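dropping the sequence and predicted coords here.
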Amino acid sequence: MNRSRLAAAAAGVLVSAGASLAATTYFVATNGTDNDNCGTSPAPCRHIQFAIEKAVDGDTVRVRNGTYNECLLVSPSAGQLTVETDAFAQNGTANAVTLDGTGVCDTGPNAGPVVIIVDRSTIRGFKIQHGGDGGVWGFGAVAITNNTITLNSTPTFAGGLYAATGANILYADTKLQIKSNTIVSNTSVSDGGGAYVFAAGAGHPSVVEITDNIIRTNTAGPDPDLNNIFGTFGGGLTVLTGTDTSDDSSSVIITRNTIEGNTVNNPASGYGSYGGGVFLATGIYYGGYGTETISVGEVGDGNSVLTNTAGGYGGGISANVQPGLGGQHAIHVAGNSVSANTGGRGGGGIHGFVLAEDPDNNGTADLKIQDNAVTGNQALSLSNSDNLGGGGIFGELFCRKTPGDNITFEIERNTIQLNDASSLGGGASLFAYADDDPDGNGAIAPAGAKIVFRNNLVSQNEALDPGGPGTARGGGVWAAGRAFGDQAEATIDLDFLTVVGNHTDQGAGGIELEAYPEQDSNLTLGAVSIELTNSILANNDSFGAGGPIAPGGTVSVDIRYNDAFQNGGPTANWESNLGVTTGTNGNISVDPGLDSLFNPQLCSATIDAGDPAASVDDEPQPNGGIVNMGHLGGTSNATRTLPDATGDGVVDGIDVLRLAVAFGADALLTPLRYDAAVDFDADGKNDGTDLSYLASLYSRSCP
């Protein structure tokens, strides 16, 4: 059954008739009778489809308890229709009505979904099962809510639910809503075992909300098509956006879902699979020329993504940004709990991929992975393979003739703990690739690939090959840049990290650094830049930071204002080729004084020890005017500075007395009485705010 052709036909029905004047509710029951007069509460219809065909714009079909062995086309003569169970309408009870496709839409040439629903209509409260080409198809701004969609299968894609916007959106200011469903134990030969959403903007804006669903134990692949060169995608959920012109837009919001125990298998062709729990991609269809955004969670409204498996990349989540010429594309993955997922080749928890290739230099790509808890995930790639690991997170950025100002790839404020990889990067793997001459014809253009890895806690991760030669490396982080040609630069910016207690087979247990400057067709070398600042590296195997990197020439390594302590022993904090000397450039080696959550305690030597040029504006007062090192440095959660005016290591009555003497003084108006030592917030005044800081930490002391 052709989904696009069916959608067009259904849409044609929608606009062919006028709207009704008054809404009617039609009742259906297993003991009803189909006739011209059925549909009242005392005389219900027998079949749901019979009642649907009586309905017009704004009507409701209400279905009483029981099992209905039929397949539905929810396409009223005009406008919108609500099809709901009586139990849900009365008291919010779901699953009291089963729509079962057995024998009617699960086999043979008529195999199709159990429900097809068209623009602006709603279906809710049902158990929908045994569809032969998926459970539900939704075209346009439909609402699919509070259903259980289970035990459906498809020989193509979208085992449980398929939804598409694009040309199916007939009116502005509408949205596709998939909410509060349980999508469980569905299968697809190709993509989207649980659900597949194609959110395309074509004319009207495409707006999609996927919220409060349970998407569990669905399976996608393996695709037996040996010509499948793209792989398979999305064991639980696949979301693709697309735009036809620069004026088109597509927006998808995915929040508060539980995505658990789903699997995407590699296709039989040998190509990879992506997104055991969730696969997301912009720019797949329609050229990607417009504005496309996908938000997967936000702080306070994140998703729970756990125990999913991808044969390839992104056991939990695979997020892929690839704008067309001039396209403005963004995916933000934020505030999610991503745990116990497995990536067979890399990115056990989260896989982030950016491809920017815009020779006109006016498109933008934006991928942010922020504020997630990424714990207990695995990347199973073998150490002798070309796969780049990343037990918790694998971020890869490919820039071809696109300037760096057009690309944002930031991995920030994540907790990355207890993950493991059998090749590279137990906690995270980062790979930035820039090429000024991708066609190899000498026609070069600037290319800038920069990955920012900032304010992350990376602790207790492992890069260990359990059955191999023991060549896994980068217990906490593996980071590498590769650049082709002198107009290309690959940059890894590592800033405000806490990298503690990570393990590795070899190389650096904390952060493994690698750089590969390469020649383009003009025989000029690319540049690789790596910066490591304001970070704490402690108690990691072997070196705190190291690797085969060779600073000099077109390779730049800038390591400043870090605390490296007891990594592989007292003399193994920095691998020698990095040229780092403790006591210079702000680098220290002292006990960072971390608590059980790896946060610096009040008296940590890393407090006020960061780069004096870094902004301290977001740190809470009193902050000493200098940022802290570590993953909380420069943030509103930073450890406060001890308000010790006298420098004796204790906040006591002497400090209070000193403030009392200066109280009310102003640096400009009364400079002779003003005391900078008790101006803890550095606002030029000795006032009640300074007194509150003293009171909050009174009697606290540091040895």
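On my side now, so go ahead.

SS state for residue 695?
Residue 695 falls in the helix class when you classify it by DSSP: H, G, I helix; E, B strand; the rest coil.

how about low-confidence regions in the stretch 551-700 of the chain?
569-571 (pLDDT under 70).

ranges for the helices of it?
653-662, 688-696 (DSSP state H, counting those that start in this stretch).

who's in contact with the nearest residue to residue 194 once chain neighbours are set aside?
Nearest non-adjacent residue to residue 194, counting by C-beta to C-beta, 6 or more residues apart in numbering: residue 218, 3.5 Å away. Bear in mind the C-beta positions are built from the backbone N, C-alpha and C, glycine included. Residues in contact with residue 218 (C-beta atoms under 8 Å, 6 or more residues apart in numbering) are 159-160, 183-187, 193-194, 235-236, 262-263.

okay, residue 218: pLDDT?
Note for residue 218: predicted pLDDT of 98.

out of the helices of the stretch 551-700 of the chain, nearest to residue 393?
Counting by C-beta to C-beta, residue 393 lies closest to helix 688-696 out of these; the figure is 36.4 Å.

quick one: residues in contact with that closest one.
For helix 688-696, the surrounding residues in contact (C-beta under 8 Å, 6+ apart) are 621-622, 640, 643, 651, 655-656, 659, 663, 678-681, 683.

repeat that for 10 Å
With C-beta atoms under 10 Å, 6 or more residues apart in numbering as the test, helix 688-696 has contacts from 620-622, 640-645, 651-652, 655-656, 658-660, 662-664, 675, 678-683.

just the buried ones from the residues you listed, in ChimeraX syntax?
Here is the ChimeraX selection string for the buried members of the contacts of helix 688-696, based on 16 or more other C-beta atoms under 10 Å:
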select :621,622,640,641,642,643,644,645,651,652,655,656,658,659,662,663,675,678,679,680,681
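
just the ones of the contacts of helix 688-696 in strands?
Using DSSP state E to define strands, no part of the contacts of helix 688-696 is located there.

could you find the closest non-adjacent residue to residue 192?
With C-beta to C-beta, 6+ apart as the criterion, residue 192 has its nearest non-adjacent residue at 3.8 Å, and that residue is residue 238.

in the sheet, who's paired with the one you found?
Beta bridges link residue 238 to residue 196, residue 279 when assigned by DSSP bridges.

these two touch, right, it and residue 157?
Yes. Using C-beta atoms under 10 Å, residue 238 is in contact with residue 157, at 7.5 Å.

what residues are shared contacts of those two?
With C-beta under 10 Å, 6+ apart, residue 238 and residue 157 have common neighbours 188, 190, 191, 192, 193, 196, 198, 220, 232.

now those residues as CSV including secondary structure?
Formatted as CSV, the shared contacts of residue 238 and residue 157 follow (three-state DSSP):
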residue, secondary structure
188, strand
190, coil
191, coil
192, coil
193, coil
196, strand
198, strand
220, strand
232, strand
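
export the residues you listed as a markdown table, with columns for neighbour count and distance to residue 106.
Formatted as a markdown table, these follow (neighbours: other C-beta atoms under 10 Å; distance: C-beta to C-beta, whole Å):
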| residue | neighbour count | distance to residue 106 |
| --- | --- | --- |
| 188 | 32 | 14 |
| 190 | 27 | 18 |
| 191 | 27 | 20 |
| 192 | 33 | 18 |
| 193 | 36 | 17 |
| 196 | 29 | 19 |
| 198 | 25 | 23 |
| 220 | 38 | 19 |
| 232 | 34 | 23 |
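
looking at the residues you listed, which one is closest to residue 246?
Using C-beta to C-beta, the shared contacts of residue 238 and residue 157 come closest to residue 246 at residue 198, 19.9 Å.

need the pLDDT of the closest residue to that closest one other than its chain neighbours.
Leaving out its chain neighbours, the residue that sits closest to residue 198 by C-beta to C-beta, 6+ apart is residue 164, at 4.4 Å. We have a pLDDT of 97 for residue 164.

hang on, isn't residue 164 packed against residue 136?
No. Counting by C-beta under 10 Å, residue 164 does not reach residue 136; the two are 11.9 Å apart.

of the two, who's got more company?
Of the pair residue 164 and residue 136, residue 136 is the one with more neighbours under other C-beta atoms under 10 Å, namely 30 against 24.

now for the more buried one: which residues touch it?
Per C-beta under 10 Å, 6+ apart, neighbours of residue 136: 72, 74, 99, 113-117, 123, 126, 128, 142, 144, 147, 149, 152, 158, 160-163, 178, 181, 183, 195.

one more: residue 182?
Residue 182 neighbours (C-beta under 10 Å, 6+ apart): 94-95, 127, 146-150, 160, 213-216, 258.

can you redo these as JSON lines with neighbour count and distance to residue 326?
Formatted as JSON lines, the contacts of residue 182 follow (neighbours: other C-beta under 10 Å; distance: C-beta to C-beta, whole Å):
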{"residue": "94", "neighbour count": "19", "distance to residue 326": "45"}
{"residue": "95", "neighbour count": "18", "distance to residue 326": "47"}
{"residue": "127", "neighbour count": "21", "distance to residue 326": "45"}
{"residue": "146", "neighbour count": "23", "distance to residue 326": "40"}
{"residue": "147", "neighbour count": "31", "distance to residue 326": "39"}
{"residue": "148", "neighbour count": "20", "distance to residue 326": "43"}
{"residue": "149", "neighbour count": "33", "distance to residue 326": "38"}
{"residue": "150", "neighbour count": "22", "distance to residue 326": "42"}
{"residue": "160", "neighbour count": "36", "distance to residue 326": "35"}
{"residue": "213", "neighbour count": "29", "distance to residue 326": "34"}
{"residue": "214", "neighbour count": "17", "distance to residue 326": "39"}
{"residue": "215", "neighbour count": "33", "distance to residue 326": "34"}
{"residue": "216", "neighbour count": "21", "distance to residue 326": "39"}
{"residue": "258", "neighbour count": "18", "distance to residue 326": "37"}
